[in-house]
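Q: Quick one, fold the following:
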Amino acid sequence: MPRQSNGTYQQPANTSGIPSTPISSTAYNALITDIGSEITNSLDRGGRSAMTAPLPMGGQKITGMADPTVSTDGATKNYVDTKTAAFFSTGDVKLTLKAFADPGWVLVVSTGDGSGLVGTIGSAASGAVLRANADCQALFTLLYTVISDANSPLFTSSGVLTTRAAQGTAATAWAANCRIHLGFWAGRAIGVTGNSGSGFTARVPLAFVGEETHVLSASEIPSISSGGSYSGSATVNSVNWVASNPNDSTAVSVVGGGVGLAVSAASGGTVSKIQSIGSSSGSVALTSTNTGGTAHNNMQPSIFVNAMVKL
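A: From the prediction side, this is the model:
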């Protein structure tokens, strides 16, 4: 009989070897047939036959595999790890909603203490605040090659701002336990370095510009010309008026002249309409009025996420 449905084999009856007891040809042939069938259905380690059904591993490993070469080959863990590690390399940035960095990454800090040291990385002896570890050297070296001394994010091990010109090579600065800042990312839009041509300013990595709010300076306010003439009442000669109550004969009082003219009912009546004012010509100078001068919002519509950098 062949294997049972659970994969086990049960020897046919009357085929066990018993001293001085013959085995019938029928029983013997049944046993040999089963053995031949199972040899045929077993995996050939020479690869001369293929599986005819999925092979459940029962939680066991397949070991000693070679790396794949065609699309249908199985992949080793080393092959997968190597390929996925190549998705990102030192200095790459990815956006995330995670509050903590993935292994091999460092999260760009979103807060600061005002000293500029919070976002620093360096060697284990550097005193860097964000991460002080030997695994930071590759990222430290990369940043060291792209920073500008004009806007230097480099600090000595004691936290004093310094420059590449003062420290020498990246290897020298690392050996001296310098720290380097990952940049002030929090609350800022991301731009691309370089220069797009006329009308654009050249930008270098980790440089930052701009402000959330801005108060216009005098030079930023458009030029406004003021002046002109006014023809009106310099001296009031007569006032004709219409009361809200046609029967109201209350006297009208006139106060001031020119642009300071005020007309009101002397005894509680209401002047609803000035029909005419006797006048002579005059002129008045225009004066300027100052505005509040408060800062205005300077941000485009934005959404904010965390960011991490590959070590």
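
Q: Give me the next element, helix or strand, following the lowest-mean-pLDDT helix or strand in the chain.
A: Least confident helix or strand, the chain: strand 271-277 with a mean of 44, by mean pLDDT, DSSP states H and E. Using DSSP states H and E, the helix or strand that follows strand 271-277 towards the C-terminus is strand 296-297.

Q: C-terminal to that following strand, what's the next element?
A: From strand 296-297, the next helix or strand downstream (DSSP H and E) is strand 306-310.

Q: What segments of this structure are helices?
A: Secondary structure of the chain (DSSP state H): helices at 25-41, 77-85, 137-146, 164-167, 170-175.

Q: For the fourth one, list every residue counted as buried.
A: By neighbour count with 16 or more other C-beta atoms under 10 Å, helix 164-167 contains the buried residues 164, 167. Where C-beta positions appear, they are placed from N, C-alpha and C, glycine not excepted.

Q: try the last one
A: Taking 16+ other C-beta under 10 Å as the neighbour-count basis, helix 170-175 is seen to contain the buried residues 170, 173, 174.

Q: Which single one of those is nearest to residue 180?
A: Nearest to residue 180 among these: residue 173, at 8.0 Å, using C-beta to C-beta.

Q: Hmm, residue 166 and that closest one touching each other?
A: No. Counting by C-beta atoms under 8 Å, residue 173 does not reach residue 166; the two are 9.2 Å apart.

Q: so what's residue 82 scoring on pLDDT?
A: pLDDT for residue 82: 87.

Q: try residue 20
A: Per-residue pLDDT puts residue 20 at 86.

Q: ditto for the one 10 residues further on
A: At residue 30, the predicted lDDT confidence score is 85.

Q: Quick check, it in contact with residue 23.
A: No. Applying C-beta under 8 Å, one finds residue 30 not in contact with residue 23, separated by 10.2 Å.

Q: overlap in contacts of those two?
A: residue 15 (C-beta atoms under 8 Å, 6 or more residues apart in numbering).

Q: If you count surrounding residues, which of the two has more?
A: residue 30 (17 against 14; other C-beta atoms under 10 Å).

Q: hmm, back to that, using CSV, lay out the helices of the chain together with distance to residue 125.
A: Shown next, in CSV, are the helices of the chain (distance: least, C-beta to C-beta, whole Å):
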stretch, distance to residue 125
helix 25-41, 65
helix 77-85, 28
helix 137-146, 12
helix 164-167, 16
helix 170-175, 10
